[in-house]
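Engineer: what would the 3D arrangement of this be:
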Amino acid sequence: MDECCSNKGKEIAELALKAGQRRVLLWVLAINALMFVIEFSAGYIANSSALMADAVDMLGDAIVYVLSLFALQRGARWQAGAALAKGAIIFLFFIGIVVEIGYKLRHGVPPSSDLMLIFGFLALLANVTCLGLLWRFRKTNVNMSSTFECSRNDVVANVGVLCAGGAVAMSHSAWPDIVIGGLIGLVFLRSAIRVLREAWPQFKRRSA
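Structural biologist: Residues are numbered from 1 along each chain as shown. Below you'll find the predicted structure:
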């Protein structure tokens, strides 16, 4: 009887935890989808490729959270598969940044630093909020761990955009945006390798 109650209590606790994860993921999904619209519009008006790239990152995160929600009610293999997909998305962000840097090296025009700072700070607030919501689930499983990794990258990217905006304002040059964009790209590359390295063995193990 005690064992039965104990097992039932564990099941209830697990269901409650998954409900908490789902609620948090829905919140961060809504925040990222809204910020994509706001930040991309601002980037287009300001002629800022950094803001538009960061906005596309927000859209990518929204896709990541959809994958996380999809995997939440499924087994460990699905969760590992979702983590693999997230790692691939992060790697695509790295490729996109490399392409963007190549374009700026040829046609670099300084963007509006004022709009970069205003909307870069707004994006930072949004991502810090997402990071805070995800914090207690960051070690729950590979699915939530990779989701937290994506959100942490966003905060780093936002700080980089703010630094670039300040440097552009002082120098009136596109070079600060190029240099910091490269550093952000390296962060994404490191994160993609980490997520894929953690998820792939679990996916293979669950597939066997």
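Engineer: this protein: helices as residue ranges?
Structural biologist: 2-46, 49-72, 76-107, 113-134, 142-171, 175-207 (DSSP state H).
Engineer: now mean pLDDT and mean neighbour count too, for the ones you listed, in JSON lines please.
Structural biologist: For the C-beta atoms, the positions are set from N, CA and C on the backbone; glycine is no exception. Listed next are the helices of the chain as JSON lines, based on pLDDT from 0 to 100; neighbours: other C-beta atoms under 10 Å:
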{"stretch": "helix 2-46", "mean pLDDT": "70", "mean neighbour count": "15"}
{"stretch": "helix 49-72", "mean pLDDT": "75", "mean neighbour count": "22"}
{"stretch": "helix 76-107", "mean pLDDT": "79", "mean neighbour count": "18"}
{"stretch": "helix 113-134", "mean pLDDT": "90", "mean neighbour count": "19"}
{"stretch": "helix 142-171", "mean pLDDT": "82", "mean neighbour count": "21"}
{"stretch": "helix 175-207", "mean pLDDT": "78", "mean neighbour count": "17"}
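Engineer: next up, the contacts around the residue nearest the centre of the chain.
Structural biologist: By C-alpha atoms, centre = their mean, the mean C-alpha position of the chain lies nearest to Cys150, the distance being 3.2 Å. The contact partners of Cys150, taken as C-beta atoms under 8 Å, 6 or more residues apart in numbering, are 61, 64, 86, 89-90, 191.
Engineer: how does it look with 10 Å?
Structural biologist: Cys150 is in contact with 28, 32, 57, 60-61, 63-65, 68, 86-87, 89-90, 93, 127, 130, 134, 188, 191, 195, counting by C-beta atoms under 10 Å, 6 or more residues apart in numbering.
Engineer: and it, how far is that from Glu198?
Structural biologist: 13 Å (C-beta to C-beta, to the nearest Å).
Engineer: what touches both of these two?
Structural biologist: Shared contacts of Cys150 and Glu198, defined by C-beta under 10 Å, 6+ apart, are found at Gly87.
Engineer: for stretch 43-50, measure first residue to last.
Structural biologist: Stretch 43-50 stretches 7 Å from its first residue to its last (C-alpha to C-alpha, to the nearest Å).
Engineer: what's in contact with it?
Structural biologist: Against stretch 43-50 from outside (C-beta under 10 Å, 6+ apart): 39, 42, 51-56, 97, 100-101, 103-104, 107-116, 118-120, 157, 160-161, 164-165, 168, 174, 176-178, 180-181, 184.
Engineer: I'd say Glu149 and Val195 touch.
Structural biologist: Yes: with contacts counted by C-beta atoms under 10 Å, Glu149 reaches Val195, the gap being 5.8 Å.
Engineer: for the closest residue in space to Ser173 that isn't next to it in sequence, what are its contacts?
Structural biologist: Counting by C-beta to C-beta, 6 or more residues apart in numbering, Ser173 lies nearest to Pro110, which is 6.0 Å off, once chain neighbours are set aside. Taking C-beta under 10 Å, 6+ apart, we find Pro110 in contact with 47-48, 116, 168-169, 171-177.
Engineer: ok, Pro110 to Ala46 distance?
Structural biologist: Pro110 is 11 Å from Ala46, where distance means C-beta to C-beta.
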